[in-house]
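> Got a predicted model here, sequence first, then my questions.
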Amino acid sequence: MFEKTYYATHPDMMDGASNEDLRDRHLVSGLFREGELVLTYSHGERFIIGGAVPGAGPLALPAQTEPESAAGHPLLERRELAMVNIGAGAGVVEVDGTRFDLAPRDALYVPMGSADVRFSGEGARYYLLSVPAHRAFPLRKLTLSEVTPMERGERATSNARKIYQLILPHTCESASICLGMTILEPGSVWNTMPPHVHERRSEIYLYFDLPQDGRVFHYMGKPEALRHIVMGNEDVVISPPWSVHMGAGTRAYSFIWAMAGENLDYNDMDVKDICQLC
Ligand SMILES: O=C[C@H](O)[C@@H](O)CC(=O)C(=O)O
Ligand SMILES: [Zn+2]
């Protein structure tokens, strides 16, 4: 069921790791393939990270296969799911018979216990994130237009951006997942500046709105020992709870951030002064 499993990591594993090791442990590539639903599994917060590109035909969330006691049960039996349509075309997602039209950039929160989740729409590209949940919260669609973005950064420091909080307690209730989209202004290239660490949560970043030859240089690691991963359009990176996460692109781009863990307090982060990094 899972194309790849990403294991939790110890910060000491950064010592002596090659760039290839870093990519193997933290980079999730190739989630968006026409006609396929691709799922990967991370031991960090037990995130399922996936993509669904229905193309001409519909796709459905698979049932669990393991262990034997859960085989055939819905994937969301004990999980909640968040998704965003990152494609250029609209699509339709059906959850136990309820239809949602998801325009480009629209998100959907799907509660624990949902049994039948179907994806369709030529041109729609669904980014999927699921984590364990302890109870069901209302099923709902979220659009960028209904949230007031936080405006952060400045043009002069090349980090002017709008942060849209789509799934957080004040916008959409959830058991553990929170999610948002950050859109850089033209000419701004830095995200998450100044950077931070949040020990109580893992975070997953998906970079998009980049041309095929565009790149984001994503920084990670302990603040005193930064490393980088070169990422392309629609690449995902898993940020362990001990790691910094920030990046600079070859041009403006957008990204979707999703977190899960100990709490749903967006501000539970330890912000680093840029001069503390090396
Ligand atoms: O923990 C929060 C996340 O890293 C992001 O919300 C940061 C972000 O979107 C930004 O500053 O551009
Ligand atoms: Zn963060």
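All right, it came through fine. Ligands and ions are numbered 1, 2, ... in the order given.
> what residues does this protein put near ligand 1?
By the rule CB under 6 Å from any ligand atom, the part of the chain lying against ligand 1 is 152, 161, 163, 180, 182, 191, 192, 203, 245, 257, 269. The way it works is simple: take the backbone N, C-alpha and C, and place the C-beta from them, glycine included.
> I'd like these as JSON lines, with distance to residue 111, pLDDT and neighbour count appended.
Formatted as JSON lines, those follow (distance: CB to CB, whole Å; pLDDT from 0 to 100; neighbours: other CB atoms under 10 Å):
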{"residue": "152", "distance to residue 111": "30", "pLDDT": "98", "neighbour count": "14"}
{"residue": "161", "distance to residue 111": "30", "pLDDT": "98", "neighbour count": "24"}
{"residue": "163", "distance to residue 111": "25", "pLDDT": "98", "neighbour count": "18"}
{"residue": "180", "distance to residue 111": "19", "pLDDT": "98", "neighbour count": "24"}
{"residue": "182", "distance to residue 111": "25", "pLDDT": "98", "neighbour count": "21"}
{"residue": "191", "distance to residue 111": "30", "pLDDT": "97", "neighbour count": "27"}
{"residue": "192", "distance to residue 111": "29", "pLDDT": "94", "neighbour count": "25"}
{"residue": "203", "distance to residue 111": "22", "pLDDT": "98", "neighbour count": "25"}
{"residue": "245", "distance to residue 111": "28", "pLDDT": "98", "neighbour count": "22"}
{"residue": "257", "distance to residue 111": "21", "pLDDT": "98", "neighbour count": "19"}
{"residue": "269", "distance to residue 111": "27", "pLDDT": "97", "neighbour count": "17"}
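> So which of the residues you listed are in strands?
Within these, residues falling in strands by DSSP state E are 152, 161, 163, 180, 182, 191, 203, 257.
> Please report the distance of the last one from residue 236.
Note on residue 257: its distance to residue 236, by CB to CB, to the nearest Å, is 11 Å.
> ok, now the fourth one?
To residue 236, residue 180 is 15 Å away according to CB to CB.
> Nearest to residue 222 among the residues of the chain next to ligand 1?
residue 245 (12.0 Å; CB to CB).
> Show the contacting residues for that closest one.
For residue 245, the contact set (CB atoms under 8 Å, 6 or more residues apart in numbering) comprises 192, 195, 196, 203, 205, 218, 219, 220, 237, 239.
> Ok, residue 116 next?
When contacts are counted by CB under 8 Å, 6+ apart, residue 116 touches 60, 61, 74, 94, 95, 96, 97.
> JSON lines for those, including secondary structure, pLDDT and neighbour count?
What follows is those, written out as JSON lines (DSSP: H, G, I helix; E, B strand; the rest coil; pLDDT from 0 to 100; neighbours: other CB atoms under 10 Å):
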{"residue": "60", "secondary structure": "strand", "pLDDT": "98", "neighbour count": "15"}
{"residue": "61", "secondary structure": "coil", "pLDDT": "98", "neighbour count": "24"}
{"residue": "74", "secondary structure": "strand", "pLDDT": "98", "neighbour count": "19"}
{"residue": "94", "secondary structure": "strand", "pLDDT": "98", "neighbour count": "15"}
{"residue": "95", "secondary structure": "strand", "pLDDT": "99", "neighbour count": "20"}
{"residue": "96", "secondary structure": "coil", "pLDDT": "98", "neighbour count": "13"}
{"residue": "97", "secondary structure": "coil", "pLDDT": "96", "neighbour count": "8"}
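> Between the two ends of stretch 147-158, how far is it?
Stretch 147-158 stretches 24 Å from its first residue to its last (CA to CA, to the nearest Å).
> Which positions within that stretch qualify as buried?
147, 153, 158 (16 or more other CB atoms under 10 Å).
> ok, now stretch 210-219?
210, 214, 215, 216, 218, 219.
> how far does it stretch from start to finish?
Stretch 210-219 end-to-end distance (CA to CA) = 18 Å.
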